[in-house]
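Student: Coordinates only, no sequence provided:
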């Protein structure tokens, strides 16, 4: 993609009101994502360990958006307030650069806070200006927003551009330890959060997360391969080949987004038409795509290693009834859409091609999420 293409795809939110509406929308969406994950657990599609890993990343997304909302709260009103840049064509999310800048700010948050007035001091100054000068304390309000931004960063827990692998012990059978290895990235190619879960059987002498040799190498390997354009088959077979005593028996990738909104994005396709037809009120004119790719081991083969040894290699399954799965390098792919009730009604009325096998999670007026086919 050229710089000219990026300039067209990326859009700055220059108005305070619009910026706040954008963050209010995402605050709702990130809350609903946790409900969707809980529904999948109830249905048996996700385990307790899966939910524990995914919930951490979804909460991190919420913390990241909360921090950015403070940072850009006075965009368009205060000089030097800055403006949030979003990818309005590919994802509807903030661009990758926003997360890089936030990570850099987090490293210096303590230093910034040490040189700023406290919240109480800022409030006192605001009151004095309002009562004494009869003017709106815009500069002080902006200073308060930045104070809250750095305080949020100090709390930690945000979703970063890179969220390095963690290993969760699941079970121990014979000489095999079973771990769930999970990690996440904010993919720079598509400006979307991407979450990975890998079930790994470990036959090494020392458990993977305690192995000072293998664990750093495994973490580096996985992060280097965490690119949306790479097939799961490529990632899993590469990991299997590089680590003789680590056996990836299952690898899943979750794409959170794109987010479609008639107010903020310019994507083409049926979802945009559905949102336009729904004419939803402010805050309900959105739809979020959630895609799960799943690659599972079909069988294991012993292959020669060196002169006399053999090693275990995974042969991964592909869905024989889904020609697309062969090209995508997965065993299965499930697509879901999360949307408020009014856009769902418009989708059900239009029934655009290609959406019959897409799972629908509908946010009702009571805030509860219900699943439909």
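Tutor: Perfect, I can see it now. Values in this document were obtained by computation on a predicted structure and should not be read as measured data. Residues are numbered from 1 along each chain as shown.
Student: need the contact list for the residue lying closest to residue 62 once chain neighbours are set aside.
Tutor: Take residue 62 and drop its neighbours on the chain: the residue closest to it by C-beta to C-beta, 6 or more residues apart in numbering is residue 30, 4.1 Å away. (Glycine included, C-beta is placed from N, CA and C.) Shown in contact with residue 30 (C-beta atoms under 8 Å, 6 or more residues apart in numbering): 58, 61, 62, 65.
Student: quick one: which of the residues you listed is nearest to residue 282?
Tutor: Nearest to residue 282 among these is residue 65, at 17.8 Å by C-beta to C-beta.
Student: With adjacent residues omitted, what lies nearest to the closest one?
Tutor: residue 26 (4.9 Å).
Student: Pop the domain breakdown of the chain in here.
Tutor: Here the domain parsing of the chain from automatic domain parsing is 3-155, 162-372.
Student: Switch those over to a markdown table; also include mean pLDDT.
Tutor: Below are the domains of the chain laid out as a markdown table (pLDDT from 0 to 100):
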| stretch | mean pLDDT |
| --- | --- |
| domain 3-155 | 90 |
| domain 162-372 | 88 |
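Student: Please list the outside residues in contact with stretch 9-24.
Tutor: Here stretch 9-24 has contacts from 1, 65, 68-69, 72-77, 83-90, 95, 263-264, 282-283, using C-beta under 8 Å, 6+ apart.
Student: The residues you listed in helices, which ones?
Tutor: Members of the contacts of stretch 9-24 lying in helices (criterion: DSSP state H): 65, 68, 69.
Student: Could you identify which of the residues you listed has the most neighbours?
Tutor: Neighbour counts for the ones in helices among the contacts of stretch 9-24 (other C-beta atoms under 10 Å) peak at residue 68, which has 23 neighbours.
Student: wait, doesn't that one sit right on residue 83?
Tutor: No - Residue 68 is beyond contact range of residue 83, at 11.4 Å (criterion: C-beta atoms under 8 Å).
Student: shared neighbours of these two, anything?
Tutor: Counting by C-beta under 8 Å, 6+ apart, nothing touches both residue 68 and residue 83.
Student: OK, contacts around the residue lying closest to residue 147 once chain neighbours are set aside?
Tutor: Using C-beta to C-beta, 6+ apart and skipping residues adjacent in sequence, the residue nearest residue 147 is residue 116, 5.4 Å away. Going by C-beta under 8 Å, 6+ apart, residue 116 touches 143, 146, 147, 150.
Student: Please enumerate the strands of the stretch 101-250 of the chain.
Tutor: Using DSSP state E, counting those that start in this stretch, the strands of the stretch 101-250 of the chain run over 162-173, 176-187, 192-202, 246-261.
Student: what do you get for the stretch 251-373 of the chain?
Tutor: 286-305, 309-316, 332-340, 359-363, 369-372.
Student: Select, out of those strands, the one closest to residue 239.
Tutor: Nearest of those (C-beta to C-beta): strand 309-316, 9.4 Å.
Student: distance between that closest one and the chain's centre?
Tutor: Distance, stretch centre to chain centre, for strand 309-316: 33 Å (C-alpha atoms, centre = their mean, to the nearest Å).
Student: How about that strand, which residues are buried there?
Tutor: 311, 312, 313, 314, 316 (16 or more other C-beta atoms under 10 Å).
Student: could I get those as a markdown table with distance to residue 213?
Tutor: As requested, the buried residues of strand 309-316 are exported to a markdown table (distance: C-beta to C-beta, whole Å):
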| residue | distance to residue 213 |
| --- | --- |
| 311 | 17 |
| 312 | 19 |
| 313 | 21 |
| 314 | 22 |
| 316 | 26 |
